[in-house]
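Asker: Pasting the sequence and the predicted model now:
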Amino acid sequence: MTLYNKSFYSNLNLQTGSFPSWDSISDEEWRKVLSNYVFKIADSFAFSSVFKKADLYPDGLNYFADWVLDITDLAEADGDIVCKFQLNDNCRSKLLEYEFAVHHFESKKFLNYYEFDCLYFFSGERLIAIYINHESEIMFLDLNDDEAALIETLEPHIKGSFVDSSVFRAAVRASRES
């Protein structure tokens, strides 16, 4: 079986002057990639550096108080041990609210608070996607034939934002050499 590594970049341009460039992921793109792709292949998710549910509530912040966070297991993701949560209907609806990555709080200690640097998605024990919010990038790892084929069913402008990771790396190398 062939395994595929893909990345999602909004409006990727591999031919820019010094390095490839891309835009931030829009709310519409975020919702479509999650609803029409990630939610079809993932069954759980995790936040970077969150080892237990209590890690989501530092210093009294309670943004996650109305999330139904059912713990499934601990897993390794990108060199981090994280707590996996079931990707239930409640979490799906919360994750579709793209702005969950940055919150504004009435607090002297926090102006803006990032719960995570990365969001991980799993299919069983396999880590299949890493969303890096500050890079506006979603990396898909070791997709099987069926998971990769599902990309072809997406709307053309969404499907066109998926690129083989090897193509992206080659463009970065080429830009460094020029």
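Answerer: Ah, there it is.

Asker: Now do the helix or strand hosting F85: which elements does it pack against?
Answerer: Element membership for F85 (DSSP states H and E) is strand 80-86. For strand 80-86, the packing partners by 3 or more C-beta pairs under 8 Å, 6 or more residues apart in numbering; DSSP states H and E come out as strand 44-47, strand 71-77. Glycine gets a C-beta too; all of them are placed from N, C-alpha and C.

Asker: Tell me which of those sits nearest to L141.
Answerer: strand 71-77 (10.0 Å; C-beta to C-beta).

Asker: The closest one packs against which elements?
Answerer: Where contact means 3+ C-beta pairs under 8 Å, 6+ apart, strand 71-77 is packed against strand 44-47, strand 80-86, strand 118-123, strand 126-132.

Asker: count of residues packed around the closest residue to N13 other than its chain neighbours?
Answerer: Leaving aside its chain neighbours, N13 sits nearest to S21 (5.0 Å; criterion: C-beta to C-beta, 6 or more residues apart in numbering). Look at S21: counted by other C-beta atoms under 10 Å, it has 13 neighbours.

Asker: Give me the below-cutoff pLDDT ranges for the protein.
Answerer: 1, 17, 59-61, 98-116, 178 (pLDDT under 70).

Asker: Tell me the buried residues in the longest helix anywhere in the chain?
Answerer: As assigned by DSSP state H, the longest helix anywhere in the chain is helix 165-177. Within helix 165-177, the residues that count as buried by 16 or more other C-beta atoms under 10 Å are 168, 171.

Asker: Restricting to C-alpha, output that helix in PDB.
Answerer: The C-alpha coordinates for helix 165-177 follow below in PDB (Å, rounded to 0.1, in the frame of the first residue of the first chain):
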ATOM      1  CA  SER A 165       4.700  17.400   0.800                       C
ATOM      2  CA  SER A 166       7.700  16.300  -1.400                       C
ATOM      3  CA  VAL A 167       6.700  18.900  -4.000                       C
ATOM      4  CA  PHE A 168       6.600  21.700  -1.300                       C
ATOM      5  CA  ARG A 169      10.000  20.600   0.100                       C
ATOM      6  CA  ALA A 170      11.500  20.600  -3.400                       C
ATOM      7  CA  ALA A 171      10.300  24.100  -4.000                       C
ATOM      8  CA  VAL A 172      11.800  25.300  -0.700                       C
ATOM      9  CA  ARG A 173      15.100  23.700  -1.600                       C
ATOM     10  CA  ALA A 174      15.100  25.200  -5.100                       C
ATOM     11  CA  SER A 175      14.400  28.600  -3.700                       C
ATOM     12  CA  ARG A 176      17.300  28.400  -1.300                       C
ATOM     13  CA  GLU A 177      19.700  27.400  -4.100                       C
END
